[in-house]
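based on what follows, work out the 3D shape:
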Amino acid sequence: MPVSSTIGAPISSMLLDMDGIAGLRGWQWLFIIEGIPSVLFGILTLFYLADRPEQATWLNADEKRWLIDQLARERAAKEQVRHLTFGQAMANPDVWGLSVIYFGLVAAIYGTSFWLPQIVKAFGLTNIQTGFVTAIPYLFGALTMVFWGLSSDRRRERVWHNALPLALAAIGLAASAYAGSPMTTMIALTVASIGIYCAFALFWTLPSAILTGSAAAGGIALINSLGNLAGFGGPYLIGWMKETTGTFSAGLLVVAVMPLVAALLTLVFGRLRAGELAAGEATATK
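Take a look at the predicted model:
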């Protein structure tokens, strides 16, 4: 996701300069050209994406058997600790708590990605310059999330590896609200992006540690649905605060509270479900 933004930000800024070509505005060309790959890959996914390991054409027979066995053992280990039906998962406090955590993360993601070009443009840059400068936070986010994921896997630890970057995202967003120059603003937003994408890479290790089968299907769908409401709420909140106060500072500061709350809830979740998280990780190491 951050790699696509790193590449896409300069390309988008160039497409915006296509005003008047074939009678279309630049933003119309942007929607058309960047929408085509989504349509093509959507069709490709129907034929390429497998539902189960035994359907994966890119795995050989031994790899399929190993993966099927591994998934079965992980599911059995989780269900020894707690087994939830679909209905129980939909009403489970953990699922709703994880929805709030994901809401805080998504609010930070979309709040920054939606308004970052506007913040950078306000530095007095051209469209092309804005595109390249906007790519900087995403580039650092893409690089650090890989190493953070490797660190989490090596240590078999998920809770702190989610909570710490969420807290870092909150600090970066809050700092950007008080930054006094374009340079310090970009540093703060880059720190925020590092935290956002490190957490984004690891969040789904938490619900998948406690949910299996139909409970996982329903619970993960609920978490995703409720969390992604922040895709509207985060940008809208920053925009409303911008219109009210005349600056981005208040909006960024308010949005910073959301990943901070998410970080605290992650630690609470980890404390309450330490046994289930440990059981899942122990099984994965065998």
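
please enumerate the helices of the stretch 51-200 of the chain.
Taking DSSP state H, counting those that start in this stretch to define them, one finds helices in the stretch 51-200 of the chain at 61-81, 86-91, 93-121, 127-155, 159-178, 182-202.

pick out the shakiest of those, pLDDT-wise.
Ranked by mean pLDDT, these bottom out at helix 86-91, which scores a mean of 67.

so which of the helices of the stretch 51-200 of the chain comes closest to Leu46?
Across the helices of the stretch 51-200 of the chain, Leu46 has its closest neighbour in helix 61-81 (21.3 Å, C-beta to C-beta). Where you see a C-beta, it was placed from the backbone N, CA and C, and this is true even at glycine.

the closest one - contacts with which helices or strands?
helix 274-285 (3 or more C-beta pairs under 8 Å, 6 or more residues apart in numbering; DSSP states H and E).

at 10 Å what do you get?
Secondary-structure packing of helix 61-81 (3 or more C-beta pairs under 10 Å, 6 or more residues apart in numbering; DSSP states H and E): helix 207-210, helix 213-227, helix 274-285.

so after the longest one, what's the next helix or strand?
Translated: helix 213-227. Following helix 213-227 in sequence order, the next helix or strand is helix 230-245 (DSSP states H and E).

from the contact counts, what lies against that following helix?
helix 93-121, helix 249-272.

pretty sure Phe200 is in contact with Gly141, am I right?
Yes - counting by C-beta atoms under 10 Å, Phe200 does reach Gly141; the two are 8.5 Å apart.

neighbour count for these two, which is higher?
More crowded of Phe200 and Gly141, by other C-beta atoms under 10 Å: Gly141, with 28 against 22.

could you give me the buried positions within stretch 235-252?
Pro235, Tyr236, Leu237, Ile238, Gly239, Met241, Lys242, Phe248, Ser249, Ala250, Gly251, Leu252 (16 or more other C-beta atoms under 10 Å).

surely the third one meets Glu243?
No - in this structure, Leu237 sits apart from Glu243 without contact. The criterion is C-beta under 10 Å, and the distance is 11.1 Å.

quickly list what's touching both of the two.
Common neighbours of Leu237 and Glu243, counting by C-beta atoms under 10 Å, 6 or more residues apart in numbering, are Gly251.

tell me the mean pLDDT for the strand or helix carrying Val39?
Assigned by DSSP H and E, Val39 belongs to helix 26-48. Across helix 26-48, pLDDT averages out at 91.

next, the angle helix 127-155 makes with that helix.
Relative orientation of helix 26-48 versus helix 127-155 (axes from the mean of the first three to the mean of the last three C-alpha atoms, to 10 degrees): 30 degrees.

before we move on, the earlier item: spell out which residues are contacts of both of Phe200 and Gly141.
Met1, Pro2, Ile109, Pro165.

from the residues you listed, which would you call buried?
Pro2, Ile109, Pro165.

give me every residue that touches the closest residue to the second one other than its chain neighbours.
In this case it means Ile109. Closest residue in space to Ile109, ignoring its immediate chain neighbours: Ile196 at 5.6 Å, by C-beta to C-beta, 6 or more residues apart in numbering. Listed by C-beta under 10 Å, 6+ apart, the contact set of Ile196 reads 1-2, 105-106, 108-109, 111-113, 137-138, 141, 145, 165-166, 168-170, 172-173, 189, 259.

the same query, at a cut-off of 7 Å, please.
The neighbours of Ile196, taking C-beta atoms under 7 Å, 6 or more residues apart in numbering as the test, are Ala108, Ile109, Thr112, Gly141, Ala169.

next, work out how far apart the second one and Met183 are.
It refers to Ile109. 24 Å (C-beta to C-beta, to the nearest Å).

for Thr130, give me its contacts.
Contacts of Thr130 by C-beta under 7 Å, 6+ apart are Ser13, Pro117, Val120, Lys121.

how about the first one, nearest residue that isn't a chain neighbour?
Closest residue to Ser13 apart from its sequence neighbours, by C-beta to C-beta, 6+ apart: Gly131 at 2.8 Å.

do the last one as well
Nearest residue to Lys121 in three dimensions, chain neighbours excluded: Thr130, at 4.8 Å (C-beta to C-beta, 6+ apart).
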